[in-house]
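> Predicted model follows, preceded by the sequence.
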Amino acid sequence: MFTVLTGAQFGDEGKGKIVDYLSESADIIVRFQGGDNAGHTVVIGGKTFKLHLIPSGVFYGKRLLIGPGVVMNPASLKDEINILKKSGINISPRILGIDPKTSIVMPYHIEMDELCEKNSIGGIGTTKRGIGFAYADKILRNEIKLIDITDKDRFFSIYEKIAPIKEGMVKVLGGDPTIVTDKNKISEYLNLGKFLKDFIVDVSYELNMGLRTGKKILAEGAQGTFLDVIHGTQRWVTSSNTIAGAVSSYLGIGPKKIDKIYGVVKAYLTRVGEGPFPTEVHDETGELFRRKGREYGTTTNRPRRCGWFDGLLFKKAIDLNGYTDIVLTKIDVLSCIDPLKICIGYELNNKVLDYPPEDSYELMRCKPIYEEMDGWDEEICSCTNFNDFPKQAKEYIKKIEEIGNIKINMISIGEKRDQIIFKEK
Ligand code: GDP
Ligand code: IMO
Ligand code: MG
């Protein structure tokens with residue numbers, strides 16, 4: 001059984017919480033793209049964990065894998081392992097496996113990302129984790145892979161070829177090129193290679209063998225549909241494919257092996273960084289979403305931009321991912337906001353659209369058309385049954401289902417593990 005879960009919006013939909021929940025009945029949880037730009041929050045017993053590279057299935061002690069399509073900062077991974085250890089969670093090679101081909105985020109990738117953001121030639125409000133530059137090196141075949149930092153001779157034979165190119169690039173961007181040849185940094189990476197060597201496994205092989213022997217696999221998406229490097233709101237996107245189909249190529253799993261595709265969608269909308277966001281609100285309602293939903297970046301702590309639920313983007317997300325199941329999160333945040341609005345159309349060039357335009361610059365010019373809906377005053381975070389929901393909340397959910405022509409079957413009503421209820425499809 002192979003299940004994929006992706007974010008249906010601009011990231012931070014609450015994927016971490018849902019993956020944690022679904023992990024109880026999974027055998028293997030695997031990350032297939034992105035890197036430590038992701039920040040997935042899991043709250044257990046009053047304790048908040050922020051995961052960046054370790055799959056969110058870690059709290060059930062399940063097998064965890066990091067696939068070759070991930071770009072990994074090994075120092076960040078080691079930090080995460082140490083933080084978890086302090087809470088009594090031991091990540092041994094029995095638990096975690098990492099593919100040897102996983103790309104390594106090098107110090108110069110982070111430096112170049114920061115320089116680009118600073119001098120605005122390429123700045124889009126990235127997380128400054130070097131993600132785009134690490135992926136660029138993969139495409140250019142200039143990457144350092146995990147296996148390379150576990151073998152000193154192999155590392156230097158590759159590094160001496162690429163170092164001059166990287167020095168030139170850092171210089172052009174106005175940085176200090178010695179970051180490329182800094183001996184301390186290089187030896188730190190080789191030490192990290194020694195530490196990570198025992199974790200290396202062939203991820204595609206383990207997953208395909210797992211499927212043959214009846215294991216339940218859950219692939220944890222990072223970022224969200226509209227941050228996809230091809231199908232997202234280009235050029236304000238991340239550098240990997242974030243949609244469900246990407247799981248097949250990033251992990252080496254045949255497309256026909258995918259059984260279930262979960263889309264996680266927030267009851268309103270947020271975005272971190274620049275880029276089109278037709279339903280963004282700048283008034284006190286935006287502030288209310290931010291305050292009540294604690295909408296601050298998990299990785300960068302930046303205030304998230306907030307706005308109303310966008311039904312057109314939802315329709316497109318369903319198409320791009322082929323969702324079989326929808327999980328709605330953070331509906332509890334909407335209590336006491338009245339009236340509520342849902343975007344049901346855009347106006348562009350005096351025409352009414354019912355589907356987002358493919359071009360980001362056009363999307364930026366779209367004016368949302370809203371349907372107003374009654375809000376509710378009751379707190380719903382302690383409901384245990386869908387029937388206990390206020391009538392208006394049920395109506396709000398029904399509207400989302402109608403727009404997407406899809407049923408919502410899981411509803412998250414708080415950050416805690418047990419704050420989740422099911423609704424019949
Ligand atoms: P992810 O990147 O998709 O995993 O999402 P983040 O962890 O970056 O952001 C989601 C935030 O909302 C986290 O602080 C979660 O603890 C929190 N959260 C998740 N689901 C719910 C929910 O249903 N209600 C509320 N109020 N908070 C939630
Ligand atoms: P999770 O997995 C929200 C955004 C950045 C920026 C753009 C490119 O927690 O949902 P990058 O550093 O990837 O080159 O930045 O993508 N971004 C995210 N936004 N949630 C994330 O991850 C994100 N990861 C990247 O803010 O706009
Ligand atoms: Mg996040």
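Ah, there it is. Ligands and ions are numbered 1, 2, ... in the order given.

> alpha carbons only for contacts and neighbour counts from here, please
Will do.

> just the helices in the chain please.
Assigned helices in the chain, in chain order: 15-23, 74-86, 107-119, 131-139, 152-172, 178-181, 183-196, 203-212, 246-251, 284-292, 311-321, 360-365, 391-404 (criterion: DSSP state H).

> Report whether the last one contacts ligand 1.
No - where contact is defined by Cα under 6 Å from any ligand atom, no part of helix 391-404 touches ligand 1; the two come within 13.6 Å at best.

> How about the first one?
Yes - for helix 15-23, a contact with ligand 1 is found by Cα under 6 Å from any ligand atom, at 15-17.

> how about the residues of the stretch 51-200 of the chain near ligand 2?
Taking Cα under 6 Å from any ligand atom as the criterion, the contact residues of the stretch 51-200 of the chain with ligand 2 come out as 125-129, 131-132.

> what phi and what psi does the backbone show at residue 338?
For residue 338, the backbone dihedrals (degrees, to the nearest 10) come out as phi -150, psi 130.

> How about it: what's its closest non-neighbour residue?
What sits nearest to residue 338 in space, not counting adjacent residues and going by Cα to Cα, 6 or more residues apart in numbering, is residue 375, at 4.4 Å.

> I figured the one you found hits residue 395, correct?
No - counting by Cα atoms under 8 Å, residue 395 is not a contact partner of residue 375; they are 9.6 Å apart.

> neighbour count winner among these two?
Neighbours per residue, other Cα atoms under 10 Å: of residue 375 and residue 395, the larger number sits with residue 375, 20 against 15.

> Please give me every residue in contact with that one.
With contact set as Cα atoms under 8 Å, 6 or more residues apart in numbering, residue 375 has these partners: 334-340, 392-393.

> Ok, residue 22 next?
By Cα under 8 Å, 6+ apart, the contact list for residue 22 is empty.

> Ligand 2 versus the closest residue to ligand 3 within the stretch 101-250 of the chain, what's the distance?
Residue nearest to ligand 3 within the stretch 101-250 of the chain: residue 223 (7.0 Å; Cα to the ion). When Cα to the nearest ligand atom, to the nearest Å is applied, the distance between residue 223 and ligand 2 equals 4 Å.

> Can you tell me how far that residue is from residue 244?
12 Å (Cα to Cα, to the nearest Å).

> okay, and the common contacts of those two?
Residues touching both residue 223 and residue 244 by Cα under 8 Å, 6+ apart: residue 6.

> Show me how the protein divides into domains.
Here the domain assignment for the chain is 2-99+199-260, 103-196, 265-422, based on automatic domain parsing.

> Let me know which of these is tucked in deepest.
Comparing the domains of the chain by mean neighbour count (mean count of other Cα atoms under 10 Å), domain 2-99+199-260 ranks first with a mean of 21.

> avg pLDDT for that one?
Across domain 2-99+199-260, the average pLDDT comes to 98.

> Quick one: end-to-end length of that domain, please.
Start to finish, the residues bounding domain 2-99+199-260 are 7 Å apart (Cα to Cα).

> before we move on, the earlier item: does the residue of the stretch 101-250 of the chain closest to ligand 3 really touch residue 34, like I thought?
Yes - using Cα under 8 Å, residue 223 is in contact with residue 34, at 7.5 Å.

> Quick one: residues in contact with the longest strand along the chain.
In the chain, with assignment by DSSP state E, the single longest strand is strand 340-348. Contacts of strand 340-348 with the rest of the structure, by Cα under 8 Å, 6+ apart, involve 279, 308-312, 352-356, 362, 365-375, 403.

> Could you rerun that using 10 Å?
The contact list for strand 340-348, computed with Cα atoms under 10 Å, 6 or more residues apart in numbering, reads 267-268, 278-279, 285, 307-313, 334, 352-357, 362-376, 392, 396, 399-400, 403.

> just stretch 378-388 next, same as before
When contacts are defined by Cα under 10 Å, 6+ apart, stretch 378-388 is touched by residues 330-336, 389-390, 393-394, 410-416, 418-424.

> The closest residue to residue 354 other than its chain neighbours and residue 265: what is the separation?
If the residues on either side of it in the chain are set aside, residue 354 comes closest to residue 345, at 4.9 Å by Cα to Cα, 6+ apart. The span separating residue 345 from residue 265 equals 18 Å under the rule Cα to Cα.

> swap in residue 22?
From residue 22 over to residue 265 the distance is 16 Å, taken as Cα to Cα.

> re the thing from before, return the member of the contacts of residue 375 nearest to ligand 2.
Using Cα to the nearest ligand atom, the shortest approach to ligand 2 within those belongs to residue 334, at 20.4 Å.

> In contact with that closest one, which residues?
Taking Cα under 10 Å, 6+ apart as the criterion, residue 334 is in contact with 267-268, 288-289, 292-293, 340, 375-380, 393.

> Would you mind measuring from the residue nearest to residue 126 when sequence neighbours are not counted to ligand 1?
Of all residues not flanking residue 126 in the chain, residue 273 sits nearest, at 6.3 Å (Cα to Cα, 6+ apart). Per Cα to the nearest ligand atom, residue 273 is found 13 Å from ligand 1.

> Tell me the residues of the chain that contact ligand 3?
Within the chain, the positions lying close to ligand 3 (Cα under 5 Å from the ion) are 12, 39-40.

> What about these, which are in strands?
In strands, judged by DSSP E, the following of those are found: residue 40.

> Okay then, goodbye and thanks.
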